[in-house]
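[1] Fold the following.
(one chain, ligands or ions: 1)
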Amino acid sequence: MNRSAKWSISVVIAFAVALAALALSRFGSGTGTPTAPPSLLLIVVDTLRADHLGLYGYDRQISANLDRFATAAVVYEDAITPAPFTMPAMAALFTGLYPDRTGVTNHSPRHGLGRATATTLAELTGAAGYRTAAVVSNPWLSNRSMGFDRGFESYLVRGPDGERSRDFSAALIAEAALGLLADMGEDPFFLWIHMLDPHMPYQPPAAAAARMGNPSASSAVVRDFVSEARNKQDIYFSGDYPPAEIAATRALYDAEILHVDEQVGRILAALDESGRGNDTIVVFAADHGESLGDHGLYFAHDFTLYDELLHVPLVVRVPGVAPARIGGEVSLIDVLPSLCEWMRLSCAEPMDGRLLPLSPLQGEEVRTVFAASVPYRKRYDRAPRLSLPGPDGRWTMARSNGLKVIRIPRPQGPLWEAYDTDRDPGEATDIASREDLMAMRPALTSWMAQMKASRPPETAAPPPLGKATRERLRALGYLR
Ligand SMILES: [Zn+2]
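    Residues are numbered from 1 along each chain as shown. Predicted coordinates:
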């Protein structure tokens, strides 16, 4: 379908909404007796780019369990994160709001979810009588001063604090998750599982690495990262390792995905074997992707707004809803408003997100989604095409109908780039001078103004992180 036809098809939306309502009626009062709203299993894999999963077309066989799960679920082909780093992305998923509205625009306690005024998914489900539990390992989420434990009755952290080696294995997370699931019994629940494995340093189990053709389960890049033989700027921005080492490092990233997939498979099997799969919504997502040498960025995220960082997997299995693949942009900010509808939660506050379509017909509505990068960080002063200090110095992006514009602030005025991600998924050819893409610029600048106006004031004195958290963040490459 061409773009203008897509723009004009909104007339079918009402019909499609009615279809989806019909599909969801098993949760409604079709028999005169309202059935219980479904439970919710939310599985997030940190740093997992969509195009490295078979269900999004990857040619390496590393996601058999997720691929199988996707055949019985609704797959969003163009799910976009509003921020290519953990805290803002997860805050957006939990509130249905762009990060500027919650104030969670950076990685620090000063920008924690605890200070956001919006009600979170855990609070909404808790208020509706659900049991709420989470198991996480990412220190940006596990440290209580970041506020992501808001509303959870049970908030488990896996991985010993202070350990510099691999301490966030998906197997540990899965083990804890299986215990939590079993503990739920017949109670309505919301369980959030967050796995960190595809994040640097890539140190997968040896068996997974061997299956990816990297029997040493290491690379010069990972060794330098872990030993701090080179500083992070050199690793992220120079890319001056031999091609064989770059390839070995990419294989390690894939081995991490293979390991995660096996652990997600265990959890999904346990859910279905328990019989709870029939009354549980499963949402699978990533907070952001990873740049593996794309656009000059090696084994990192945060800094750019190309699709290797913004295009994330988003797959939902809603009981009674037929499997589907749905094209067109959606955003992680859409997850909460959709769950409000599907779980009949009382969500009174306005959100930026929209109801996710559950059928391809609904998916025809054209949507513009936005994102902003990490703010300028002095210790990365060699970043190519550096952003400028302050929230207005971030890269920003608008994406609609496969077309994308990126605004990169510079002292002499912004640099604009544009891409046709349908025809050029690698974003190799900048088409910023094309007239229809010029028209997208006002939408982005208008969104930036809205975000600026709704940003809460920064708090003056953030609480200190603590030695153990600082050590764990340092092992992931975040602190010097
Ligand atoms: Zn993350």
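
[2] Not counting sequence-adjacent ones, nearest residue to the residue of the stretch 351-480 of the chain found nearest the ion?
    Relative to the ion, the nearest point of the stretch 351-480 of the chain is Leu476 (9.5 Å; C-beta to the ion). All C-beta atoms are positioned from the backbone trio N, CA, C, and that covers glycine. Take Leu476 and drop its neighbours on the chain: the residue closest to it by C-beta to C-beta, 6 or more residues apart in numbering is His199, 6.2 Å away.

[3] what sits against the one you found?
    Asp46, Thr47, Asn138, Phe168, Glu290, Leu476 (C-beta atoms under 8 Å, 6 or more residues apart in numbering).

[4] Show me which residues of stretch 471-480 are buried.
    By neighbour count with 16 or more other C-beta atoms under 10 Å, stretch 471-480 contains the buried residues Glu471, Arg472, Leu473, Ala475, Leu476, Gly477, Tyr478.

[5] And the fourth one, how far from Met343?
    When you say that, I think you mean Ala475. For Ala475, the distance to Met343 equals 37 Å [C-beta to C-beta, to the nearest Å].

[6] ok so, going back, just want the phi and psi numbers for the residue of the stretch 351-480 of the chain closest to the ion.
    phi -90, psi 0 (degrees, to the nearest 10).

[7] close enough to count as contact, Tyr155 and Ala134?
    Yes - contact criterion C-beta atoms under 8 Å: Tyr155 and Ala134 qualify, at 5.2 Å.

[8] When the two are compared, which one has more neighbours?
    Set Tyr155 next to Ala134 and count neighbours by other C-beta atoms under 10 Å: Ala134 wins out with 25 against 19.

[9] name the element the closest residue to that one other than its chain neighbours belongs to?
    Once flanking residues are discounted, Ala134 sits nearest to Trp192: 4.2 Å by C-beta to C-beta, 6+ apart. Applying DSSP states H and E as the criterion places Trp192 in strand 189-195.

[10] Tell me the strands beside that strand, with direction?
    strand 39-45 (parallel), strand 131-136 (parallel) (DSSP bridges).

[11] who touches it?
    39-46, 90, 121-122, 125-126, 130-138, 141, 152, 168, 170, 173-174, 177, 180-181, 184, 260, 263-264, 267.

[12] can you list the weak-confidence ranges in this protein?
    Low-confidence segments of the chain, defined by pLDDT under 70, are located at 1-34, 160-168, 362-365, 384, 459-464, 480.

[13] could you point out the longest helix in it?
    For the chain, the helix reaching the highest residue count under DSSP state H is reported as helix 243-273.

[14] Dump the C-alpha coordinates for the following helix or strand past it into CSV.
    Proceeding N to C from helix 243-273, the next assigned helix or strand is strand 280-286, under DSSP H and E. Output of strand 280-286 as CSV, limited to C-alpha atoms (Å, rounded to 0.1, in the frame of the first residue of the first chain):
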residue,chain,number,x,y,z
THR,A,280,-2.3,-14.1,31.4
ILE,A,281,-1.2,-11.4,28.9
VAL,A,282,2.4,-11.9,28.0
VAL,A,283,4.3,-8.8,26.8
PHE,A,284,7.8,-9.3,25.4
ALA,A,285,10.0,-6.2,24.7
ALA,A,286,13.4,-4.6,24.9
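
[15] List of residues touching the helix or strand just after strand 280-286?
    Counting by DSSP H and E, the next helix or strand C-terminal to strand 280-286 is strand 291-292. Contact partners of strand 291-292, identified using C-beta under 8 Å, 6+ apart, comprise 249-250, 253, 297-301, 303-304, 306, 308-309.

[16] Show the contacting residues for Ala453.
    If you count contacts by C-beta under 8 Å, 6+ apart, Ala453 has none.

[17] For the ion, what's its nearest residue on this protein.
    Closest residue of the chain to the ion, C-beta to the ion: Thr86 (3.1 Å).

[18] what sits against that residue?
    Asp46, His107, Asn138, Trp140, Leu141, Asp287, His288.

[19] Same question for Glu329.
    Asp78, Ala79, Ile80, Arg367, Thr368, Val369, Arg399, Ser400, Asn401.

[20] ok, the most centrally placed residue in the chain - contacts?
    Most central in the chain under C-alpha atoms, centre = their mean is Asp287, positioned 1.7 Å from the mean C-alpha point. If you count contacts by C-beta under 8 Å, 6+ apart, Asp287 has them with Val44, Asp46, Thr47, Thr81, Phe85, Thr86, Ala89, Met90, Leu93, Val312, Leu332.
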